[in-house]
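> Generate coordinates for the sequence data below:
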Amino acid sequence: MKTTKIFSILSLALIFAAATSAFSENITKKEVVSANAVVRHQVNIVLTLDKPLCNTYLVEIRDGNGRMVAPAKVFIPGESKYSFYERGPATGVRVAVLVVAPSHSHFMCDRELFTEPAVVFGPFSAGQTYRYDLFPKFQSTHD
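Residues are numbered from 1 along each chain as shown. Below you'll find the model as predicted:
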């Protein structure tokens, strides 16, 4: 009988200790944002090519001050989606653009792409994807 009481008391003590530690774990936990938390910017380029491009173009994501928030990517005809990653969360404005690559690869062409920038206003939450659609059009350089 004594042995049964001792095991019963020990069992209750262990259950109480386990319940207390489980509840206290939730109290002391703080919401921690991972150092790897990123904002994803996806640029979609809607373009049908009937002739090859004359120049090299870059796809870029810039902030409201014109600074790139992620490295530029070379536009590849036929590829329509480009993903950029920025540490998050972030605020402000992000602008997707398609621009002619620097002068070392720039040629005088009869037709060049002109693209209106796509603008998205923040805040930008980590773990979220923000979409930008660009619609390049050809324009003649000899007007």
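> With Pro102 as the reference, measure out to Leu49.
22 Å (Cβ to Cβ, to the nearest Å). From N, CA and C alone the C-beta is placed, and that goes for glycine too.
> swap that for Val69, please
Distance from Val69 to Pro102, by Cβ to Cβ: 19 Å.
> So between those two, which is more surrounded?
Val69 (19 against 9; other Cβ atoms under 10 Å).
> you'd agree Arg94 is up against Asp63?
Yes. Here Arg94 reaches Asp63: they are 6.4 Å apart, a contact under Cβ atoms under 8 Å.
> all helices for this protein, in order.
For the chain, helices defined by DSSP state H occupy the ranges 2-28.
> can you pull out the strands in it?
38-45, 57-63, 73-74, 81-87, 93-100, 111-114, 118-121, 129-134, 137-140 (DSSP state E).
> Give the residues shared as contacts by Arg94 and Asp63.
Val69 (Cβ atoms under 8 Å, 6 or more residues apart in numbering).
> who has more neighbours, the two?
A direct count of neighbours by other Cβ under 10 Å for Arg94 and Asp63 places Arg94 higher, at 23 against 16.
> If we ignore the residues flanking it in sequence, what's nearest that one?
The shortest distance from Arg94 to any non-neighbouring residue, by Cβ to Cβ, 6 or more residues apart in numbering, is to Val120 (5.2 Å).
> Could you count how many residues lie near the one you found?
15.
> For it, give its distance to Ala90.
Plainly put, Val120 is 11 Å away from Ala90 if you go by Cβ to Cβ.
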